[in-house]
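Enquirer: Just a sequence and a predicted model for now, questions to come.
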Amino acid sequence: MKIIAIIPARGGSKGIPRKNVRFLNGKPLIAYAIFNALESKYITDVLVSTDDEEIADISALYGAKVIKRPESLGADAVTLDPVIYHAVQVYEEENGKVELVITMQPTSPLMKTETLDAAIERFINTKVDTMLSAVNKPHLAWGQADGKFVPLYEERLNRQYLPKHMMETGAFVITKREFVTEKSRFGQIIDLFEVPESESVDIDDFSDWTICEMQLRRKKIVIRTEGYPKIGLGHVYRSILLNANLMEHDVLIVLSEKSQLGIQKVKERFLKHKVVKDEDDFIKLLEELKPDILINDILDTTEEYINKVKPHVGRVVNFEDMGEGSAHADAVINALYEKSLSGENYYWGYKYYCLREEFLLVKPKEFSSKVKNVLIVFGGTDQSGYTEKVLNVIKSIPVEEDIVYQFVLGLGFDRDEEFMKMVSECEQDIRVIKDVQMMSKYMAEADIAISSQGRTIYELATMKVPTIIMAQNEREKTHEFGYLKNGFINLGNGSDVEEETLRETLLWLIHTPQVREQMHNSMGRLSLTNGVERVKNVILSIDK
């Protein structure tokens with residue numbers, strides 16, 4: 001079956017001057033239609049009908065056959081029917097009769113060859129004369145009758161329940177040769193081929209152009225992360241934050257089966273995600289998806305792992321990776337550490353910390369010489385039992401009026417019953433909050449905090465809360481940010497800290513406003529608000 005695609009391309013575009021040869025994401029607009037047609041497994045020849053020499057030259061460069069359009073067919077008022085008819089006649093004079101004619105507009109650059117081929121295949125296998133590309137756009141529409149606006153629907157329903165409302169996209173019109181005349185390209189039996197909304201933009205003005213530019217620059221990004229009791233949920237929260245800040249791209253979060261806590265958090269936010277069994281299962285997923293960027297938020301990697309993933313991705317970006325694999329990643333972002341490994345692919349220090357959006361909305365509390373609120377927070381799981389340790393300390397100190405001790409328990413904290421029993425035995429004003437949705441609210445109320453040495457300390461610094469910190473493990477102890485110069489009293493590994501030491505430190509800080517004010521001011525000198533943008537630039541390779 002001889003099938004030809006004809007791309008009409010006038011030089012006199014007025015909405016967007018020189019639209020057809022204007023560069024869109026690095027290529028002339030018309031190149032997208034030519035490429036789709038040439039890649040089709042059904043199309044015999046690709047023709048460009050034009051009255052413009054530059055369009056003709058560029059079309060030929062991309063592999064199309066050029067049909068010179070007569071001047072009489074170049075006016076604004078001329079419809080496509082005589083243009084297509086002329087091109088078919090010229091082609092058939094040299095190549096013989098064709099059976100199908102496909103009109104392809106250059107203004108639909110988002111359409112994929114797979115979609116075009118699916119339409120041609122359906123056309124061939126069904127008894128229709130003409131098939132048009134269309135998109136389903138159900139809306140609560142209104143029209144006019146007798147000078148009044150009237151609804152064009154019978155019942156007000158949510159969009160997903162409205163009947164189909166098909167709109168032509170202009171991407172293609174497939175028709176049998178016998179129906180191509182100077183006045184029409186339509187037969188009696190007409191079918192619509194529904195294209196995905198993501199491929200449906202028809203460029204008519206600069207806003208359409210901008211949408212297409214953004215879509216064509218869209219990257220496929222996979223974030224591999226984990227979140228379970230032993231490591232907490234910090235990696236998952238960062239992955240959720242990155243997802244929100246990379247929303248113009250196609251982002252998939254991947255977790256392993258052991259990350260049930262992390263899976264729950266991702267599901268709560270209705271984010272696109274996938275669960276894999278093991279590393280081999282993950283590699284198979286990468287082979288299938290072929291993402292532009294892989295983000296590993298899984299702590300240390302091995303050289304073997306990086307060598308396995310690299311053939312299937314365009315760029316590898318790792319977080320908090322101090323393993324041997326880090327040297328082989330394209331970029332490594334270690335916000336929790338100061339520089340300790342050499343290489344241009346490393347990005348060190350607090351300037352690359354990804355601060356959650358809520359901390360950009362809530363203002364820090366003004367310094368108060370009187371402590372009225374003490375916040376205790378040890379992450380999503382607190383497997384080391386520091387929450388109970390601090391409660392024992394608080395039980396042993398004198399009751400002071402107006403001081404509230406607020407304990408925030410994470411989603412993975414699994415000792416609720418025992419802990420609440422301990423709380424009931426205390427004379428102090430103790431309040432317990434489980435799985436907080438907006439942590440900034442509680443930090444903004446605090447005069448002092450007691451925390452572990454992980455990512456939470458950056459949030460506390462943003463809210464300017466003088467904080468006593470205890471590392472959950474030896475790795476956390478190496479985080480460089482949590483020291484007095486940045487407003488923290490660091491007691492080292494919490495397992496080694498005696499309750500008496502913690503008790504005396506807390507009492508001293510409560511009753512030493514001068515020190516707390518210095519810590520508060522030290523935190524105020526830091527700027528953590530631009531970290532996400534810096535990280536985004538690194539991920540997308542904009543930074544260098």
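Expert: Ah, there it is.
Enquirer: quick one: low-confidence parts of this protein?
Expert: Low-confidence segments of the chain (pLDDT under 70): 543-544.
Enquirer: Longest strand of it, counting residues only.
Expert: Ranked by number of residues, the top strand in the chain under DSSP state E is strand 166-176.
Enquirer: Export only the CA atoms of that strand, formatted as CSV.
Expert: Extracted in CSV, the C-alpha atoms of strand 166-176 (Å, rounded to 0.1, in the frame of the first residue of the first chain):
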residue,chain,number,x,y,z
MET,A,166,-13.7,15.5,21.1
MET,A,167,-11.7,18.4,19.6
GLU,A,168,-9.6,18.2,16.5
THR,A,169,-5.9,18.6,17.2
GLY,A,170,-4.8,19.2,13.6
ALA,A,171,-1.9,16.6,14.0
PHE,A,172,-3.2,14.5,11.1
VAL,A,173,-6.0,13.7,8.7
ILE,A,174,-5.8,10.3,7.1
THR,A,175,-8.0,9.8,4.0
LYS,A,176,-8.4,7.5,1.0
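Enquirer: quick one: buried residues of that strand?
Expert: 169-176 (16 or more other C-beta atoms under 10 Å). Just so you know, the C-beta spots here come from the backbone N, C-alpha and C atoms, and that holds for glycine as well.
Enquirer: and of the residues you listed, the nearest to residue 455?
Expert: Ranked by distance to residue 455 (C-beta to C-beta), these are led by residue 169 at 45.6 Å.
Enquirer: mind listing what the closest one touches?
Expert: 108, 111, 133-135, 195, 199-202 (C-beta atoms under 8 Å, 6 or more residues apart in numbering).
Enquirer: PyMOL command to pick out the buried ones of those?
Expert: Paste this into PyMOL to select the buried members of the contacts of residue 169, with burial taken from 16+ other C-beta under 10 Å:
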select buried, resi 108+111+133+134+135+195+199+200+201+202
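Enquirer: Greatest separation within the contacts of residue 169: which pair is it?
Expert: Between any two of the contacts of residue 169 (C-beta to C-beta), the greatest distance is 13.3 Å, for 134 and 201.
Enquirer: can you map out the strands along the stretch 1-150 of the chain?
Expert: Here the stretch 1-150 of the chain has its strands, by DSSP state E, counting those that start in this stretch, at 3-9, 23-24, 27-28, 45-50, 65-68, 100-104, 130-136, 142-145, 148-151.
Enquirer: before we move on, the earlier item: and the longest strand of the chain with strand 3-9, angle?
Expert: Following axes from the mean of the first three to the mean of the last three C-alpha atoms, to 10 degrees, one obtains 130 degrees for the angle between strand 166-176 and strand 3-9.
Enquirer: circling back to that earlier point, want to try CSV for the contacts of residue 169, with distance to residue 360 as columns?
Expert: Shown next, in CSV, are these (distance: C-beta to C-beta, whole Å):
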residue, distance to residue 360
108, 39
111, 38
133, 43
134, 42
135, 37
195, 39
199, 35
200, 35
201, 32
202, 37
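Enquirer: Just the closest of the contacts of residue 169 to residue 13, please.
Expert: Distances from residue 13 to the contacts of residue 169, taken by C-beta to C-beta, are shortest for residue 202, at 13.4 Å.
Enquirer: wait, what's in contact with the closest one?
Expert: 105, 107-108, 169-171, 208.
Enquirer: ok, now residue 535?
Expert: Contact analysis of residue 535 by C-beta under 8 Å, 6+ apart lists 242, 333, 347, 352, 354.
Enquirer: Residue 203: how many residues sit nearby?
Expert: Residues contacting residue 203 under the criterion other C-beta atoms under 10 Å number 27.
Enquirer: Next up, the contacts around the residue nearest to it when sequence neighbours are not counted.
Expert: Nearest non-adjacent residue to residue 203, counting by C-beta to C-beta, 6 or more residues apart in numbering: residue 107, 4.2 Å away. Applying C-beta under 8 Å, 6+ apart to residue 107 gives the contacts 19, 29, 170, 202-204.
Enquirer: and which of those is nearest residue 343?
Expert: For those, the nearest to residue 343 is residue 29 (40.8 Å; C-beta to C-beta).
Enquirer: now that closest one: how far from residue 58?
Expert: According to C-beta to C-beta, to the nearest Å, residue 29 stands 10 Å off from residue 58.
Enquirer: Quickly list what's touching both of these two.
Expert: In contact with both residue 29 and residue 58: residue 21, using C-beta under 8 Å, 6+ apart.
Enquirer: Just to check, residue 43 is in contact with residue 102?
Expert: Yes - under the criterion of C-beta atoms under 8 Å, residue 43 makes contact with residue 102 at 7.0 Å.
Enquirer: If you count surrounding residues, which of these two has more?
Expert: residue 102 (24 against 21).
Enquirer: any idea how far residue 59 is from that one?
Expert: Counting by C-beta to C-beta, the gap from residue 102 to residue 59 is 16 Å.
Enquirer: can you list the domain ranges for the protein.
Expert: Domain ranges of the chain: 3-215, 218-355+534-539, 363-524, per automatic domain parsing.
Enquirer: if we can go back for a sec, which single one of the contacts of residue 169 is nearest to residue 531?
Expert: For the contacts of residue 169, the nearest to residue 531 is residue 201 (33.6 Å; C-beta to C-beta).
Enquirer: hmm, back to that, any idea of the angle the helix or strand following the longest strand of the chain forms with strand 130-136?
Expert: Under the assignment DSSP states H and E, the closest C-terminal helix or strand after strand 166-176 is strand 190-194. Angle between the axes of strand 190-194 and strand 130-136 is 40 degrees (criterion: the same axes, to 10 degrees).
Enquirer: Pull the distance from the helix or strand that strand 190-194 is followed by to the chain's centre.
Expert: Counting by DSSP H and E, the next helix or strand C-terminal to strand 190-194 is helix 206-216. Relative to its chain's centre, helix 206-216 lies at 18 Å (C-alpha atoms, centre = their mean, to the nearest Å).
Enquirer: on that earlier part again, from the buried residues of strand 166-176, which is closest to residue 327?
Expert: So of the buried residues of strand 166-176, ranked by how close each gets to residue 327 (C-beta to C-beta), first place is residue 171, at 46.5 Å.
Enquirer: ok, the closest one touching residue 113?
Expert: No - with contact defined as C-beta under 8 Å, residue 171 does not count as touching residue 113 (11.5 Å).
Enquirer: Quick check: neighbours shared by those two?
Expert: By C-beta under 8 Å, 6+ apart, no residue touches both residue 171 and residue 113.
Enquirer: Output the longest helix belonging to the protein.
Expert: helix 80-95 (DSSP state H).
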